[in-house]
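1. Quick one, what's the 3D model for this:
(one chain, ligands or ions: 2)
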Amino acid sequence: AARATLAVVREYRPGRTRLRLSIDADGALVAETAPGPDRAISDAENRERLPGRLVRREDDPATSDTAVDEAFDGLGATYDLLWDAFARDGLSGRGDELPATVHYGVDYDNAFWNGERMVFGDGDGEVFTGFTRSLSVIAHELAHGVIDAEGGLDYRGQSGALNESFADVIGALAEQHLRGQTAAEASWLIGEGIFTAAVQGRALRSLAAPGTAYDDDVLGRDPQPAHMRDFVVTDDDNGGVHINSGIPNRAFHLVALTLGGFAWERAGRIWYRTLAARELPTDADFAAFATATVRTAVREYGGQSEEARAVRAAWAEVGVDS
Ligand code: ASN
Ligand code: ZN
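-> Numbering: from 1, shown residues only. Ligands and ions are numbered 1, 2, ... in the order given. Here you go, the predicted model:
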């Protein structure tokens with residue numbers, strides 16, 4: 001059964017094992033050991049060379065560099081989501097290092113997973129501020145590593161959009177988990193706070209309402225579809241992986257909202273177990289993924305469960321057969 005940790009009284013960490021003393025929902029003191037993250041943050045010093053200079057390791061104190069400390073804290077929060085919600089010990093699940101590089105390039109307007117590490121630009125200051133300012137962005141990039149470790153989803157077309165969408169789901173869940181927000185309370189935005197004040201927009205993407213995150217003179221309008229009828233056929237961006245992800249993103253949001261409570265507990269579990277079951281082909285399309293999420297929900301909760309019904313209804317609502 002899920003236990004809501006109301007307060008972590010003390011955390012003591014010899015090596016990577018943390019002893020957590022917390023107070024549970026009934027007011028009882030709970031002592032448990034759990035693994036902790038092993039973060040390693042490097043500084044590219046505004047060059048486009050990786051990994052850069054190692055500047056903060058797990059047991060090091062905070063630096064005077066905001067980007068370094070934001071990356072460190074964001075990886076920690078993402079680690080905590082993966083452990084608390086899915087009992088996953090980091091990127092591969094085997095407790096390996098969480099490597100990230102900050103200050104990549106000059107005025108670099110992006111963040112990415114390069115197959116080995118997370119990389120964050122500082123933004124150009126005109127459209128984007130620093131990419132480490134948003135936990136959902138940090139968790140999104142880490143999630144690309146988790147997807148790769150679970151066999152991967154080819155980064156093109158519908159499987160690429162599923163890869164993007166899964167990364168957005170983890171991005172949203174990491175923020176909700178840190179803030180203790182229920183599905184109904186959450187913003188469901190990816191990249192809140194990384195636009196400058198000059199941009200007309202709330203964030204990069206919205207899982208709740210794809211296509212509404214920004215509408216700006218320079219950037220244009222958020223191009224994400226919210227239903228299969230508006231699927232965008234394009235050769236750009238590996239076949240619109242950051243665009244068509246709006247469709248599975250909204251399906252996830254619908255499941256989470258229908259079930260209520262903390263989204264990582266049931267909706268998140270169903271999505272995560274679908275990936276971690278490794279039954280998906282790497283070129284899975286939306287329908288294959290939808291069918292797999294229904295199968296997971298049936299396996300975990302039963303064929304007539306509210307979870308299974310919520311998953312079927314959500315895919316139907318975005319126009320995807322399951
Ligand atoms: N921010 C993008 C992402 O993580 C970067 C990219 O497309 N390579 O999906
Ligand atoms: Zn991505």
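2. Return the backbone torsion pair for the residue in the chain that ligand 1 sits nearest to.
-> Across the chain, the shortest distance to ligand 1 (C-beta to the nearest ligand atom) belongs to Phe112, at 4.0 Å. All C-beta spots, glycine's among them, are computed from the backbone N, C-alpha and C. Main-chain dihedrals, Phe112, degrees, to the nearest 10: phi -160, psi 170.
3. Please name the bridge partners of it.
-> For Phe112, the beta-bridge partners are Val119 (DSSP bridges).
4. Any figure for the gap between it and Tyr272?
-> 22 Å (C-beta to C-beta, to the nearest Å).
5. ditto for Asn163
-> Using C-beta to C-beta, one gets 14 Å for the distance from Asn163 to Tyr272.
6. For the stretch 201-322 of the chain, which segments count as strands?
-> For the stretch 201-322 of the chain, the strands defined by DSSP state E, counting those that start in this stretch cover 205-206, 215-216, 220-221.
7. got those strands as JSON lines, with mean neighbour count, mean pLDDT and distance to Val311 columns?
-> As requested, these are exported to JSON lines (neighbours: other C-beta atoms under 10 Å; pLDDT from 0 to 100; distance: least, C-beta to C-beta, whole Å):
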{"stretch": "strand 205-206", "mean neighbour count": "28", "mean pLDDT": "98", "distance to Val311": "21"}
{"stretch": "strand 215-216", "mean neighbour count": "14", "mean pLDDT": "98", "distance to Val311": "31"}
{"stretch": "strand 220-221", "mean neighbour count": "11", "mean pLDDT": "98", "distance to Val311": "30"}
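8. Out of these, the one nearest Glu307 is which?
-> Among these, strand 205-206 comes nearest to Glu307, with 23.9 Å by C-beta to C-beta.
9. Tell me how far the closest one lies from the chain's centre.
-> Mean-position distance between strand 205-206 and its chain equals 12 Å (C-alpha atoms, centre = their mean, to the nearest Å).
10. Residues of this structure that sit close to ligand 1?
-> Contact residues (C-beta under 6 Å from any ligand atom) of the chain with ligand 1: Asn110, Ala111, Phe112, His140, Glu141, Glu164.
11. I'd like to know which of these are buried.
-> For the residues of the chain next to ligand 1, burial is judged from neighbour counts taken by 16 or more other C-beta atoms under 10 Å, and it is met by Ala111, Phe112, His140, Glu141, Glu164.
12. My guess is the last one contacts Ser245. True?
-> Right, the one you point to is Glu164. Yes - at 3.9 Å, Glu164 and Ser245 qualify as touching, with contact defined as C-beta atoms under 8 Å.
13. Where does Asp26 fall, secondary structure wise?
-> Asp26 belongs to no helix or strand when elements are defined using DSSP states H and E.
14. what's the burial count for it?
-> Applying other C-beta atoms under 10 Å, we find 9 other residues in the vicinity of Asp26.
15. what's the closest of the buried ones among the residues of the chain next to ligand 1 to Glu185?
-> Among those, and counting by C-beta to C-beta, the member closest to Glu185 is His140, at 20.3 Å.
16. On the three-state scheme, the closest residue to the closest one other than its chain neighbours is what?
-> Nearest residue to His140 in three dimensions, chain neighbours excluded: Gly171, at 3.8 Å (C-beta to C-beta, 6 or more residues apart in numbering). Gly171 falls in the helix class when you classify it by DSSP: H, G, I helix; E, B strand; the rest coil.
17. so what pLDDT did Gly171 get?
-> What the model reports as pLDDT for Gly171 is 99.
18. How about the contacts made by it?
-> For Gly171, the contacting residues are Leu135, Ser136, Val137, Ile138, Ala139, His140, Ala143, Ile190, by C-beta atoms under 8 Å, 6 or more residues apart in numbering.
19. And the residues you listed, which two are furthest apart?
-> Leu135 and Ala143 (12.1 Å).
20. Show me the common contact partners of those two, please.
-> Between them, Leu135 and Ala143 have Thr78, Gly171 as joint contacts when contacts are counted by C-beta under 8 Å, 6+ apart.
21. before we move on, back to that, mind checking which of the contacts of Gly171 are in helices?
-> Leu135, Ser136, Val137, Ile138, Ala139, His140, Ala143 (DSSP state H).
22. Give me the phi and psi for Ile41.
-> Ile41 has phi and psi values of phi -100, psi 130 when expressed as degrees, to the nearest 10.
23. Check Arg49 too.
-> Dihedral angles of Arg49 (phi, psi; degrees, to the nearest 10) stand at phi -130, psi 140.
24. Report the separation between it and Ala67.
-> Summarising the geometry, the distance separating Arg49 from Ala67, computed by C-beta to C-beta, is 17 Å.
25. what's the answer for Ala186, then?
-> Distance, Ala186 to Ala67, by C-beta to C-beta: 25 Å.
26. For the two, indicate the residue with more neighbours.
-> Comparing Ala186 with Ala67 by neighbour count (other C-beta under 10 Å), the higher total belongs to Ala67, at 23 against 20.
27. Test my guess that that one contacts Gly123.
-> No - look at Ala67 against Gly123 with C-beta under 8 Å: they stay out of range, at 10.2 Å.
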